[in-house]
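S.K.: Next comes the sequence, and after it the predicted model I'd like to discuss.
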Amino acid sequence: MNVQTNIPLSTLTTMKIGGNANYVVDVTTREELRQAYQNAKKLGQQVYIIGSGSNTIAHDEGFNGVIVHNKIPGIKAIVDDHESTTLQAGGGEIWDDLVKYSVDLNLSGIEAMSGIPGTVGAAPVQNIGAYGQELANTFISLDAYDTQTDAFVTLSWEDCSFSYRHSIFRGNAQGRYAITTITLKLYKKLPEPPFYESLQKRFDELHITAFTPQTIRENVLAIRADKLPDPTKWPNAGSFFKNAIVESWQVESIRQSNSDVLAFDQGNGKFKIPAGWLIEASDLKGEVLHGMKVHDKNAVVLINESATSYADLAAAREQIITTVRDNFQIVLEQEPLELDQPVS
Ligand SMILES: Cc1cc2nc3c(=O)[nH]c(=O)nc-3n(C[C@H](O)[C@H](O)[C@H](O)COP(=O)(O)OP(=O)(O)OC[C@H]3O[C@@H](n4cnc5c(N)ncnc54)[C@H](O)[C@@H]3O)c2cc1C
């Protein structure tokens, strides 16, 4: 178990902002993870678990506690039958390595989630998703250390209460469980249309009509490379705001002044308006606000161009939320989690 002291959170998060954490402990086994939590408790220190830090915003004050850096490895097939293979992966594995592993086995189920940054252990937290797939679709169960009872537990699909970019791990149980492995059931059947609109558009343009997990992966990676800034070169946390879920009358009201409003029927009387559309329609695309650039290819992404503090980021966020609210009477919500609260 590797323990370091006074580590800048800017080096552990892809937004590259944040003061020091008292301790950072790298854990590579379940037992090390448990020990890290127990040691922190003895020292009266709070704990926050982190993976790649690609969905975490740190504060200038840093973290007065222990950051547990999950590096638990391992990917293996645990069940295999004529139609499916069940894979189990350690929480510290890189998510995209798991996707590549499954695609190399010609398995279908997570290939459209190629290229999502971060670790396997963080994937259930916001029920990651992209290009028409989400984790919940293939998820069977996960193993976790329960910080309340000091025991290892297995949580089923039902236990996790997945919904759009949400689960118990962002809700009632935030900070309670440290996820050590996840188990997914993937299928041998080839992927079939209909595909997500922008993916299908690319297939049509390139005259691709035979679909394998590999074709999906390659094309998703190509679309992502064009739309999403590589966080190792351009510090960012992916989509900074959640898409807005609104009532039909709100869509109609916006349509009166913006006939091109993008609104997707959710089938329950509600509509989803992409946060990127709201920001772009507020003329903020490409703007640099307090050192944060509204990405000129995808306005929902904020790139840390020259911001040096959380205060800069907060000022940029405020300006965007206020402008969108003044224009459309919709209040945008932040997607990445904040490393500000004691969580266990
Ligand atoms: C360029 C870019 C593109 C992105 N695209 C997408 C996308 O297409 N779809 C999508 O859904 N997301 C996307 N994201 C967001 C991000 O990739 C995901 O949220 C990812 O799951 C975060 O993984 P992480 O390891 O970096 O999490 P971290 O930022 O390290 O942690 C995120 C949260 O999960 C908790 N956590 C981490 N590990 C564990 C664990 N083992 N047990 C319990 N809790 C844990 C943390 O405490 C924190 O609250 C993108 C981000 C970037 C930077």
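M.R.: The structure has been received and is ready for your questions.
S.K.: could you measure residue 323 against residue 282, distance?
M.R.: If you measure residue 323 against residue 282 using Cβ to Cβ, to the nearest Å, the figure is 5 Å. For every residue, glycine as well, the C-beta is placed using N, CA and C.
S.K.: Then residue 311?
M.R.: Separation of residue 311 from residue 282 (Cβ to Cβ): 22 Å.
S.K.: try residue 270
M.R.: Separation of residue 270 from residue 282 (Cβ to Cβ): 22 Å.
S.K.: Comparing these two, which shows the higher neighbour count?
M.R.: Neighbour count, other Cβ atoms under 10 Å: between residue 270 and residue 282, residue 282 has more, with 19 against 16.
S.K.: so the more buried one makes contact with residue 321?
M.R.: No. Under the criterion of Cβ atoms under 8 Å, residue 282 makes no contact with residue 321, lying 10.3 Å away.
S.K.: so how far is the biggest helix by length in the chain off the chain centroid?
M.R.: Criterion DSSP state H: the longest helix present in the chain is helix 310-328. Once both centres are worked out by Cα atoms, centre = their mean, to the nearest Å, helix 310-328 turns out to sit 21 Å from its chain's centre.
S.K.: After it, which helix or strand is next? Please name it.
M.R.: Of the helices and strands lying after helix 310-328 in sequence (DSSP states H and E), the nearest is strand 337-339.
S.K.: which residues sit against that following strand?
M.R.: Strand 337-339 has contacts (Cβ atoms under 8 Å, 6 or more residues apart in numbering) with 9, 13, 18, 48, 50, 55-59, 63, 125, 170.
S.K.: Helix or strand for the residue of the chain most remote from its centre, just tell me which one.
M.R.: Within the chain, the residue lying farthest from the chain centre (Cα atoms, centre = their mean) is residue 256, at 34.0 Å. According to DSSP H and E, residue 256 maps onto helix 248-257.
S.K.: pLDDT score for residue 52?
M.R.: For residue 52, the pLDDT comes out at 97.
S.K.: Surely it and residue 122 touch.
M.R.: Yes. Between residue 52 and residue 122 a contact is recorded at 7.4 Å, counting by Cβ under 8 Å.
S.K.: Of these two, give the one with the bigger neighbour count.
M.R.: Each of residue 52 and residue 122 has its neighbours counted (other Cβ under 10 Å); residue 122 has more, 26 against 20.
S.K.: I'd say the more buried one and residue 53 touch.
M.R.: No. Distance between residue 122 and residue 53: 9.3 Å, which falls outside the contact criterion (Cβ under 8 Å).
S.K.: in the stretch 151-300 of the chain, which ranges drop under the pLDDT threshold?
M.R.: Scanning the stretch 151-300 of the chain for pLDDT under 70 picks out no residues.
S.K.: The ligand contacts on that one?
M.R.: Contact residues, the stretch 151-300 of the chain versus the ligand (Cβ under 6 Å from any ligand atom): 169, 177, 178, 179, 228, 231, 236, 237, 238.
S.K.: Please convert those residues to JSON lines, extending it with secondary structure.
M.R.: Below are those laid out as JSON lines (DSSP: H, G, I helix; E, B strand; the rest coil):
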{"residue": "169", "secondary structure": "coil"}
{"residue": "177", "secondary structure": "strand"}
{"residue": "178", "secondary structure": "strand"}
{"residue": "179", "secondary structure": "strand"}
{"residue": "228", "secondary structure": "coil"}
{"residue": "231", "secondary structure": "coil"}
{"residue": "236", "secondary structure": "strand"}
{"residue": "237", "secondary structure": "strand"}
{"residue": "238", "secondary structure": "strand"}
